[in-house]
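K.L.:
3D model of this:
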Amino acid sequence: MVDIDPAEGMTLEQIKTKGVADKYRSGGGDIYLIGLEFDRSERNISRFERGRG
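P.N.:
A predicted model of the protein is given here:
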């Protein structure tokens, strides 16, 4: 989980920038990235992003 400022958004971009999936690349398989943003006051998902790494 990447803790971000909700005003910034861009969860998936931050996951890529921080290299979260890099340690799994040597396995040779496909990597799927999923970014979720949570609304702390609603206690629910406020945004969902997916992509391939």
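K.L.:
could you point out which element follows whichever strand or helix holds residue 13?
P.N.:
Here residue 13 sits within helix 11-17, counting by DSSP states H and E. Downstream of helix 11-17, the next assigned helix or strand under DSSP H and E is strand 32-39.
K.L.:
quick check: mean pLDDT across that next one?
P.N.:
Regarding strand 32-39, the rounded mean pLDDT is 86.
K.L.:
Mind listing what's buried along it?
P.N.:
Neighbour counts over strand 32-39 (16 or more other CB atoms under 10 Å) mark 35, 37, 38 as buried. (C-beta placed from N, C-alpha, C; glycine too.)
K.L.:
Low-confidence bits of the protein, can you list those?
P.N.:
The chain contains residues with pLDDT under 70 at 1-9.
K.L.:
Can you tell me the centre-most residue of it?
P.N.:
residue 35 (3.0 Å; CA atoms, centre = their mean).
K.L.:
related to what we said a few turns ago, report the backbone C-alpha coordinates of the helix holding residue 13 in PDB.
P.N.:
Taking Å, rounded to 0.1, in the frame of the first residue of the first chain, the C-alpha atoms of helix 11-17 are listed here in PDB:
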ATOM      1  CA  THR A  11      -2.000   6.000  -7.300                       C
ATOM      2  CA  LEU A  12      -0.800   3.900 -10.200                       C
ATOM      3  CA  GLU A  13       1.800   6.500 -11.200                       C
ATOM      4  CA  GLN A  14       3.200   6.600  -7.700                       C
ATOM      5  CA  ILE A  15       3.400   2.800  -7.600                       C
ATOM      6  CA  LYS A  16       5.400   2.900 -10.800                       C
ATOM      7  CA  THR A  17       7.600   5.800  -9.700                       C
END
